[in-house]
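# fold the stuff below for me.
(one chain, ligands or ions: 2)
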Amino acid sequence: EVTGVQTCALPILGYSITMAQETIDTNCMTLTRFILAEQKKHAKGGTGDLTQLLSSLQSAIKAVSAAVRRAGISQLFGVAGDVNVQGEEVKKLDVLANDLFINMLRSSYASCLLISEENENEIEVETERQGKYIVTFDPLDGSSNIDCLVSIGSIFAIFKKPHEGQLAPGDSLQSGRQIVAAGYALYGSATMIVLSAGHGVNGFMLDPSIGEFVLTDPEMTCKPRGKIYSINEGYEEHWEEAVKEYVKSKKQGSNPYGGRYIGSMVADVHRTLKYGGIFMYPATAANPSGKLRVLYECMPMAYIMEQAGGLASDGQKPILDLVPKKLHERSPIFLGSREDVEDVLAVIKKHRV
Ligand code: AHM
Ligand code: MG
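Ligands and ions are numbered 1, 2, ... in the order given. Here you go, the predicted model:
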């Protein structure tokens with residue numbers, strides 16, 4: 001006879017997960033260490049000013065990254081001039097990024113002139129803090145993507161003051177061939193700096209546990225041909241015939257290219273560098289010079305691409321051969337895998353004869 005409640009003893013399933021052991025590399029190649037080593041190798045007798053400058057840029061980028069990561073929480077989104085719950089004025093993320101870049105660069109004692117996308121005029125560093133470098137930058141590019149959490153980035157190029165003595169008008173309008181170092185920071189699923197100082201391209205990922213950028217992508221190269229084209233197709237009707245023909249050709253045949261367009265130049269260029277392919281921002285009927293700015297968008301990206309074995313052209317000549325006449329001058333741009341860029345240039349040439 002069965003009395004009482006029968007209980008069925010189910011075994012309690014217990015298990016333990018062994019988390020991947022966090023290993024700490026006691027000899028990791030941080031960006032600062034890498035720059036120091038590069039300077040020793042390639043700039044014997046250098047003053048260390050570039051190292052100092054790059055280290056200030058790194059500080060600005062770390063702070064921008066931190067701000068980007070908690071923008072929603074700390075109410076950085078929205079319009080500049082908004083007032084937060086404490087009644088303090090809230091700075092829009094791109095204004096904050098600009099302030100960070102300017103303040104860090106100014107206090108590096110290595111720069112004399114700053115050209116920012118956010119400032120109509122160039123910023124002259126106080127005489128007592130001046131160094132020999134001219135820095136152009138877009139502190140937070142991809143503004144339309146900020147509020148929806150899509151990847152954004154910072155872009156920069158470093159030039160030298162072209163002469164001794166006091167700054168003179170036109171010092172900031174140099175050819176891209178004068179660039180000393182350039183790169184970008186991508187605030188994506190991780191924060192990454194991609195940098196070149198004229199000896200190839202290297203990528204460093206921010207390790208938040210130590211607050212350092214660590215070399216993760218050494219000697220980056222852009223493959224000679226990719227399988228992705230990247231352009232804002234919404235403007236197709238307004239492109240020149242050559243661009244229409246080229247983009248159409250990428251969609252035809254049994255093996256069409258994939259289309260990808262994020263709308264943040266840093267993210268689109270970074271993907272092009274990593275996977276190959278082509279990124280284009282051509283002229284349109286309304287904007288015969290395209291949209292992207294020569295000094296702090298086109299040139300730094302062109303420098304990285306050329307250093308990685310790729311190409312960057314305005315449709316006629318290499319972007320790095322341009323000499324802008326105005327600070328915020330724009331240029332059409334076609335950049336990426338060598339063969340892909342050569343293809344579009346061939347179509348453009350065919351249409352111009
Ligand atoms: P921004 O400097 O106002 O952010 O504009 C630059 C951005 C680039 O990141 C991107 O490549 C391009 O604008 C996208 O423009 P569009 O929306 O016209 O395709
Ligand atoms: Mg921009």
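# after the lengthiest helix in the chain, which helix or strand is next?
Longest helix of the chain, by residue count under DSSP state H: helix 49-69. Sequence-wise, the next helix or strand downstream of helix 49-69 (DSSP states H and E) is helix 93-106.
# quick one: buried residues of the helix or strand just after that next one?
Next helix or strand after helix 93-106 toward the C-terminus (DSSP H and E): strand 111-116. If you call a residue buried by 16 or more other Cβ atoms under 10 Å, then strand 111-116 has these buried ones: 111, 112, 113, 114, 115, 116. Backbone N, C-alpha and C define where each C-beta goes, glycine included.
# please apply the same query to stretch 97-116.
If you call a residue buried by 16+ other Cβ under 10 Å, then stretch 97-116 has these buried ones: 97-98, 100-102, 104-106, 108, 110-116.
# now do stretch 201-209
Applying 16+ other Cβ under 10 Å to stretch 201-209 flags 201, 202, 203, 204, 205, 206, 207 as buried.
# same deal with stretch 23-32?
Neighbour-count burial for stretch 23-32 flags 29, 30, 31 (criterion: 16+ other Cβ under 10 Å).
# which residues does the second one bridge with?
Beta-bridge pairing for residue 30 (DSSP bridges): residue 214.
# does it touch residue 214 like I think?
Yes - with contacts counted by Cβ atoms under 8 Å, residue 30 reaches residue 214, the gap being 5.9 Å.
# anything in contact with each of the two?
Common neighbours of residue 30 and residue 214 (criterion: Cβ atoms under 8 Å, 6 or more residues apart in numbering): residue 204.
# contacts only, for the closest residue to residue 94 other than its chain neighbours.
Counting by Cβ to Cβ, 6 or more residues apart in numbering, residue 140 is the residue found nearest to residue 94 once chain neighbours are left out, at 4.2 Å. Counting by Cβ under 8 Å, 6+ apart, residue 140 touches 64, 93, 94, 97, 98, 146, 152, 153, 154.
# got the residues of the stretch 151-300 of the chain near ligand 2?
Selection of the stretch 151-300 of the chain residues close to ligand 2 by Cβ under 5 Å from the ion yields an empty set.
# check contacts around the residue in the stretch 151-300 of the chain that ligand 2 sits nearest to.
Residue nearest to ligand 2 within the stretch 151-300 of the chain: residue 297 (5.6 Å; Cβ to the ion). Residue 297 makes contact with 117, 138, 141, 155, 265, according to Cβ under 8 Å, 6+ apart.
# what sits against the fourth one?
To tie it back to what came earlier, the one meant is residue 155. Contacts for residue 155 (Cβ under 8 Å, 6+ apart) come out as 137, 138, 141, 183, 184, 265, 266, 296, 297, 300, 301.
# what's the pLDDT at residue 143?
Residue 143 carries a pLDDT value of 82.
# distance check, it against ligand 1.
For residue 143, the distance to ligand 1 equals 4 Å [Cβ to the nearest ligand atom, to the nearest Å].
# flag every residue of the stretch 201-350 of the chain that's near ligand 1.
By Cβ under 6 Å from any ligand atom, the residues of the stretch 201-350 of the chain that approach ligand 1 are 232, 263, 264, 265, 268, 281, 291.
# nice, that's everything, thank you.
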